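Visitor: Structure of the sequence below:
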Amino acid sequence: MLLKLNSRGSDVATLQELLNLKSDGIFGKQTENAVKEFQNANNLKADGIVGTKTWDALNSLDTDNSIQVNGLYEKYHLSNGEYSKNKTNKEYVFIHHTAGWHNPYNTIKRWDSDNRGMIATEFVIGGQNIRNDDNSFDGKILQAFPSGHYAWHLGKNGNQNMHTNSVGIELNNFGYIQQNKTYAGQYVHERQRVTLKDEFRGYKVWHKYSNFQIQSLEKLLKFIAERDSIDIRKGLPSLIKEKGAKAFEFNEDAFYGRIKGLWTHTNTRKDKFDCFPQEELMDMLVSL
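Guide: Numbers count the residues shown, from 1 in each chain. Here you go, the predicted structure:
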């Protein structure tokens, strides 16, 4: 099947899914540009036309567990049974942090090997080592399962549809710090600490979200907004403009899913610490 600009149908929709685009079955300019980018990355003639060689490369992408997609993220998918095979329309994006180490590959490996069932987020963004001696994963984006699918990542809330109809993003980060140590007792280098102006959930010192993490998060949020037609300016970003850091506190509109858009886990749970209102993160969110 030869596909090109203005082609339509189920084959185009399949192509768009493989390229992690919005799957509408219409081969428009966005799809053509994504095809050209994929062809360039795979040493194919970048003409935007999907023929036999491009299909072969795309099909190998679908089975390879570690392939760069669109220059933004890498597929590093969980095993079958670790996420739902059902597909849903996405209406929300939720930002989390892992409360753990900086390596996103290890985060997904842990999800794959634990016995908790389908608990994961679609994306994980690597960070910096708390010892300040390893930034090799800083800003690295991994996709844990294919677009459109879902896993559990919110816990108890007032609208269970948010589990299935949301995109989750994890930032590799340890969270709050006490006496220069993580909750697990590891020392945190001073360059990896940030002190908030006011306490958040009882703590002022936190493991810093890195500049590269925040930059990668911004790119990923814009990608998801385009892919899933979600207005990421609604929710937390608009609330930050009104309330500043207090926007990260529990919010009933988020808890009940009344406002569709972008939120963080603390907006739906009073017992969670992800994410915290770091100034650089807030600046990025209000600029979306």
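Visitor: name the helices or strands packed onto the longest helix seen in the chain?
Guide: Secondary structure of the chain per DSSP state H: the longest helix is helix 211-228. On a contact count with 3 or more Cβ pairs under 8 Å, 6 or more residues apart in numbering; DSSP states H and E, helix 211-228 meets strand 92-97, strand 123-125, strand 166-171, helix 279-286. (Glycine included, C-beta is placed from N, CA and C.)
Visitor: switch to 6 Å and redo it
Guide: Helix 211-228 is packed against helix 279-286, with contacts defined by 3 or more Cβ pairs under 6 Å, 6 or more residues apart in numbering; DSSP states H and E.
Visitor: from memory residue 227 sits against residue 19, does it?
Guide: No. The criterion here is Cβ atoms under 6 Å, and residue 227 misses it with residue 19 at 9.9 Å.
Visitor: Comparing these two, which residue is more hemmed in?
Guide: residue 19 (22 against 19; other Cβ atoms under 10 Å).
Visitor: For the residue nearest to that one when sequence neighbours are not counted, give me the pLDDT.
Guide: Leaving aside its chain neighbours, residue 19 sits nearest to residue 34 (4.6 Å; criterion: Cβ to Cβ, 6 or more residues apart in numbering). On pLDDT, residue 34 comes in at 89.
Visitor: Now do the contacts for residue 154.
Guide: Contacts for residue 154 (Cβ atoms under 6 Å, 6 or more residues apart in numbering) come out as 162, 163.
Visitor: next one: the one 3 residues further on
Guide: The contact partners of residue 157, taken as Cβ under 6 Å, 6+ apart, are 255, 268.
Visitor: swap in residue 130?
Guide: Residue 130 touches 174, 188, 192, counting by Cβ under 6 Å, 6+ apart.
Visitor: residue ranges with poor pLDDT in this structure?
Guide: 1, 20, 59-70, 158 (pLDDT under 70).
Visitor: which non-adjacent residue is nearest the most centrally placed residue in it?
Guide: With distances taken as Cα atoms, centre = their mean, the residue of the chain nearest its centroid is residue 169 (3.1 Å). Once flanking residues are discounted, residue 169 sits nearest to residue 123: 4.6 Å by Cβ to Cβ, 6+ apart.
Visitor: got the contact list for the residue nearest to the centre of the chain?
Guide: 95, 121, 123.
Visitor: can you put the residues you listed in TSV and add neighbour count and distance to residue 213?
Guide: Shown next, in TSV, are the contacts of residue 169 (neighbours: other Cβ atoms under 10 Å; distance: Cβ to Cβ, whole Å):
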residue	neighbour count	distance to residue 213
95	27	11
121	28	14
123	28	12
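Visitor: Could you chop this structure up by domain?
Guide: Domain assignment of the chain by automatic domain parsing yields the ranges 10-63, 92-286.
Visitor: Pick the most buried one from those.
Guide: Mean neighbour count (mean count of other Cβ atoms under 10 Å) peaks for domain 92-286 among those, with a mean of 19.
Visitor: ranges for the strands of the stretch 1-150 of the chain?
Guide: With strands called from DSSP state E, counting those that start in this stretch, the stretch 1-150 of the chain shows them at 67-69, 73-75, 92-97, 123-125, 141-143.
Visitor: Now tabulate the ones you listed in JSON lines and tack on distance to residue 247.
Guide: Shown next, in JSON lines, are the strands of the stretch 1-150 of the chain (distance: least, Cβ to Cβ, whole Å):
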{"stretch": "strand 67-69", "distance to residue 247": "32"}
{"stretch": "strand 73-75", "distance to residue 247": "27"}
{"stretch": "strand 92-97", "distance to residue 247": "12"}
{"stretch": "strand 123-125", "distance to residue 247": "21"}
{"stretch": "strand 141-143", "distance to residue 247": "25"}
